[in-house]
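Novice: Structure, please.
(one chain, ligands or ions: 1)
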Amino acid sequence: MATNHLTVEAAYRDKFPQSASLYERGKTVFPSGITHDARYLLPFPVFVKEAHGSRKTSVEGHSIIDYWVGHGALLLGHGRREVVEAVQQQMARGTHFSANHELEIEWGERVKRLVPSAERVRFTSSGTEATLMAVRVARLVTNRTKVVKLIGHFHGWHDQLVLAAYAPYTPDDWSMPGVSPGVVSDLVAVPPNDLKAIEQAFQEHRPACCILEPTGGHWGLVPVQGEYLRGLRELCTRYDVLLIFDEVISGFRVHPGGAQGHYGITPDMTTMAKILAGGLPGGALAGRRDLLEAIEFGNQYGKKMKHPGTFNGNPLSAAAGCAALDLLADGVACQQANRLTGKLRQQLNALFVRKSVPWIAYGEFSMCHILPGYTGHNPVSADFIPCDGDYRKLDREQPAALKFAFRSALLTCGVDWFGWSGMTSSAHTEDDLEETVAAFDRMLSMLQADGLI
Ligand SMILES: Cc1ncc(COP(=O)(O)O)c(C=O)c1O
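Specialist: All right, here's what the predicted structure looks like:
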């Protein structure tokens, strides 16, 4: 079996030799040779030299269908002409004025128009900063310290919310290397899709706020089920707990108004990033006017939340953000990506059944998750939630050998998949879909030949 396993690795090494040597060089500069944990791949990650539409080109010149789409930031695909031109024009005018500028207002006005909860907006440089800010504002406004989050929901890497974001989930030992136990003790993590657990946490801890990814942890790896969001909204109002939707992924992706626009449920505050800035760095906190007043000088609270940030509302991100939000405002781009991804989920499921592979593809909107080692019924559907939505079954660590072989075999077959999950853009086509299913077919044969499945 060990000898066979070289088959995937040998094919991968054969196809991406320049990437292998760039990785060796990168390792002399960066820890593990990478600049984002999710890009870690053994024996080495593929290096990309350019990207257009739905595809990236590796340094070796191979065309690869991209399901990372800028970690979710590129709903419109790579290098959308209108976005590129807007940034080029702004670049010529200036990249940082250390001053207010009209484009930041236009950017914020677009957010207000599209996102139901956005009475006021404050830009940040990333989603991590936005969720950090949301929690700080909630604490200042309520004079309470505890925060409720859902197990398996990811809100960036800052200390306040990093706990309980990665499998395996061991509630008896909530800790995170490098995070002080004092910070950890302010966080209450409860299982997803369990309103009773939320209510109990609200009664027991009287938190300032409750934050969640409104389409489910890790962009729907564990989907939010049915009326859960509505029930949560009602509980937050009843117990006077601020409800924060982290729409860093779902914002402008599932619907121009995010999950709140799709479901018609308005949180008190919303965090955004990724698509918001059209593929450039940028984030935002938006929400009720009285809450964002915490950042105002001379506010009703008699204390102000300090909020500097060198690149807040920077002109390049504002230019890209305005162009992108204009292009997606009519909902067509979101619908295109949603429809195509539904088809992809269904066709992958048909493939898994055809090849007798115990895997299932599932998810909602423009997100597609693959669950290996699934032994239940596969109804070959685009909308089925396996394992009754149980987060312990859907969100678990897979064997490292399988994980790396899956991704590297798929790359060898011309598809870049975001871990076990993928997202599409409006630039993805029916032809891409067909090629992707064929690539999955070949990848599965490679894993079978290596004895991995
Ligand atoms: C739901 C969610 N919140 C927050 C973040 C952090 O955003 P950033 O990577 O821009 O700091 C992410 C990043 O993937 C995310 O998916």
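Novice: Spit out the contact partners of the residue of the chain at minimum distance from the ligand.
Specialist: Nearest residue of the chain to the ligand (C-beta to the nearest ligand atom) works out as G127 at 2.3 Å. For glycine as for every other residue, the C-beta is placed from the backbone atoms N, C-alpha and C. G127 sits next to 155-156, 246, 248, 271-274, 283 when contact means C-beta atoms under 8 Å, 6 or more residues apart in numbering.
Novice: how about the residues of this protein that lie near the ligand?
Specialist: 71, 126-128, 131, 154-156, 213, 246, 248-249, 273, 283 (C-beta under 6 Å from any ligand atom).
Novice: T237: which of these is nearest?
Specialist: D246 (18.9 Å; C-beta to C-beta).
Novice: Was I right to think the closest one contacts H153?
Specialist: Yes. At 7.3 Å, D246 counts as touching H153 under the criterion of C-beta atoms under 8 Å.
Novice: Give the intersection of the neighbour lists for those two.
Specialist: Common neighbours of D246 and H153 (C-beta under 8 Å, 6+ apart) are 211-213.
Novice: Next, give phi and psi for the residue most central in space within the chain.
Specialist: The chain has I249 as the residue nearest its centroid, 4.2 Å off, counting by C-alpha atoms, centre = their mean. When read as degrees, to the nearest 10, the backbone of I249 gives phi -90, psi -50.
Novice: so what's it closest to, chain neighbours aside?
Specialist: Excluding the flanking residues, the one nearest I249 by C-beta to C-beta, 6 or more residues apart in numbering is W219, at 4.4 Å.
Novice: any idea which helix or strand carries that neighbour?
Specialist: helix 217-220 (DSSP states H and E).
Novice: K149 too?
Specialist: strand 147-150.
Novice: need the next SSE after that strand, C-terminal direction.
Specialist: Counting by DSSP H and E, what follows strand 147-150 is helix 181-184.
Novice: For that following helix, what does the pLDDT average out to?
Specialist: Per-residue pLDDT over helix 181-184 has a mean of 91.
Novice: And for stretch 246-262?
Specialist: 98.
Novice: give me the low-pLDDT residue ranges for the protein?
Specialist: Residue ranges of the chain with pLDDT under 70: 1-6.
Novice: Quickly list the domain ranges of it.
Specialist: The chain is divided into the following domains under automatic domain parsing: 2-77+332-449, 81-328.
Novice: which of those domains sits most buried?
Specialist: domain 81-328 (a mean of 20; mean count of other C-beta atoms under 10 Å).
Novice: how far does that domain stretch from start to finish?
Specialist: Domain 81-328 has an end-to-end distance of 14 Å (criterion: C-alpha to C-alpha, to the nearest Å).
Novice: Pretty sure T35 sits in a strand.
Specialist: No. Using DSSP: H, G, I helix; E, B strand; the rest coil, the assignment for T35 is coil, not a strand.
Novice: could you pull out the strands for the stretch 1-150 of the chain?
Specialist: Listed in chain order, the strands of the stretch 1-150 of the chain (DSSP state E, counting those that start in this stretch) span 48-52, 55-58, 63-66, 120-124, 147-150.
Novice: of all these, which lies closest to Y263?
Specialist: Y263 sits nearest to strand 147-150 of all the strands of the stretch 1-150 of the chain, at 16.3 Å, using C-beta to C-beta.
Novice: by contact count, what packs against the closest one?
Specialist: Applying 3 or more C-beta pairs under 8 Å, 6 or more residues apart in numbering; DSSP states H and E, one finds that strand 147-150 makes contact with helix 127-142, strand 187-190, helix 195-205, strand 209-212.
Novice: Now do the first one against strand 120-124, angle only.
Specialist: Yep, that's helix 127-142 we're talking about. 140 degrees (axes from the mean of the first three to the mean of the last three C-alpha atoms, to 10 degrees).
Novice: Please save the CA atoms from helix 127-142 in PDB.
Specialist: The C-alpha trace of helix 127-142 is given here as PDB (Å, rounded to 0.1, in the frame of the first residue of the first chain):
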ATOM      1  CA  GLY A 127     -12.700  39.900   8.600                       C
ATOM      2  CA  THR A 128     -10.700  39.000  11.700                       C
ATOM      3  CA  GLU A 129     -10.600  42.700  12.600                       C
ATOM      4  CA  ALA A 130     -14.400  43.000  11.900                       C
ATOM      5  CA  THR A 131     -15.300  40.200  14.300                       C
ATOM      6  CA  LEU A 132     -12.900  41.500  17.000                       C
ATOM      7  CA  MET A 133     -14.500  44.900  16.700                       C
ATOM      8  CA  ALA A 134     -18.100  43.500  16.900                       C
ATOM      9  CA  VAL A 135     -17.300  41.800  20.200                       C
ATOM     10  CA  ARG A 136     -15.600  44.900  21.600                       C
ATOM     11  CA  VAL A 137     -18.600  47.100  20.600                       C
ATOM     12  CA  ALA A 138     -21.000  44.600  22.200                       C
ATOM     13  CA  ARG A 139     -19.100  44.600  25.400                       C
ATOM     14  CA  LEU A 140     -18.900  48.300  25.600                       C
ATOM     15  CA  VAL A 141     -22.600  48.900  24.900                       C
ATOM     16  CA  THR A 142     -23.900  46.200  27.200                       C
END
